[in-house]
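Undergrad: quick one: sequence plus predicted model below, questions after.
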Amino acid sequence: MKKLNVLFVCLGNICRSPLAEALFKHKLNQHGLEHCIEADSCGTSDYHIGEPPDSRTMANARKNGITISHRGRQLSITDLEHFDYILAMDQSNYHHILYLGRHHDITGKVSLIRNYDPIGKGLDVPDPYYGGERGFQEVFEILDRSLEGFIHYLKEKEKITALPKPAR
């Protein structure tokens, strides 16, 4: 079975999308799905190429038991072709992705991440960059719910299942 490729996209690739990527990978391990899905993240801007995630994002991830290992990068045409699912953090980035891919058939693979959020379906994930610690925790909680919903969606739509856990 071919691995599914999932891309998380925000503006600068230092707050929301690297957290979504790391949290998604963590959840894939919890669900036993790491064998069939790969994930990455990027930004629509070139503001932070090569930089680590924002220190507040890193601190929030650690506080919630998540490890982030990522360097900022910018969305490319190659990404639009490679990834099966491209999840935007907000309307602005969603439209930027669609504009970049306007000459490609990508509409079926691009959506807002909160389309999978049972509480805030279709809303934006707020950008915590100009806020405080509470904003970063709010983003974590939104992504946590949304990613659970997305994994449930993938299990149904893609018919993916966990590998049996090895006997101890």
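TA: Perfect, I can see it now.

Undergrad: the strands in this protein, which residues?
TA: Counting by DSSP state E, one finds strands in the chain at the ranges 4-10, 37-43, 85-88, 110-112.

Undergrad: any idea where the helices of this structure begin and end?
TA: 16-31, 55-63, 77-82, 91-100, 133-157 (DSSP state H).

Undergrad: need those helices in CSV (columns: distance to Thr44 and mean neighbour count).
TA: To be clear about C-beta, it is placed using only N, CA and C from the backbone, and glycine gets the same treatment. Formatted as CSV, these follow (distance: least, Cβ to Cβ, whole Å; neighbours: other Cβ atoms under 10 Å):
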stretch, distance to Thr44, mean neighbour count
helix 16-31, 10, 23
helix 55-63, 17, 17
helix 77-82, 11, 14
helix 91-100, 4, 17
helix 133-157, 17, 18
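
Undergrad: mind giving me CSV with those helices and columns for distance to Ile37 and mean pLDDT?
TA: Output for these, formatted as CSV (distance: least, Cβ to Cβ, whole Å; pLDDT from 0 to 100):
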stretch, distance to Ile37, mean pLDDT
helix 16-31, 6, 97
helix 55-63, 20, 97
helix 77-82, 14, 96
helix 91-100, 20, 97
helix 133-157, 7, 97
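
Undergrad: any chance of those in a markdown table with distance to Asp46 as columns?
TA: Output for the helices of the chain, formatted as a markdown table (distance: least, Cβ to Cβ, whole Å):
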| stretch | distance to Asp46 |
| --- | --- |
| helix 16-31 | 14 |
| helix 55-63 | 19 |
| helix 77-82 | 14 |
| helix 91-100 | 12 |
| helix 133-157 | 22 |
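
Undergrad: and Gly122, which of those is closest to it?
TA: helix 91-100 (9.2 Å; Cβ to Cβ).

Undergrad: compute the inter-axis angle for the closest one and helix 16-31.
TA: 90 degrees (axes from the mean of the first three to the mean of the last three Cα atoms, to 10 degrees).

Undergrad: give me the angle between helix 91-100 and strand 37-43.
TA: Angle, helix 91-100 to strand 37-43, by the same axes, to 10 degrees: 100 degrees.
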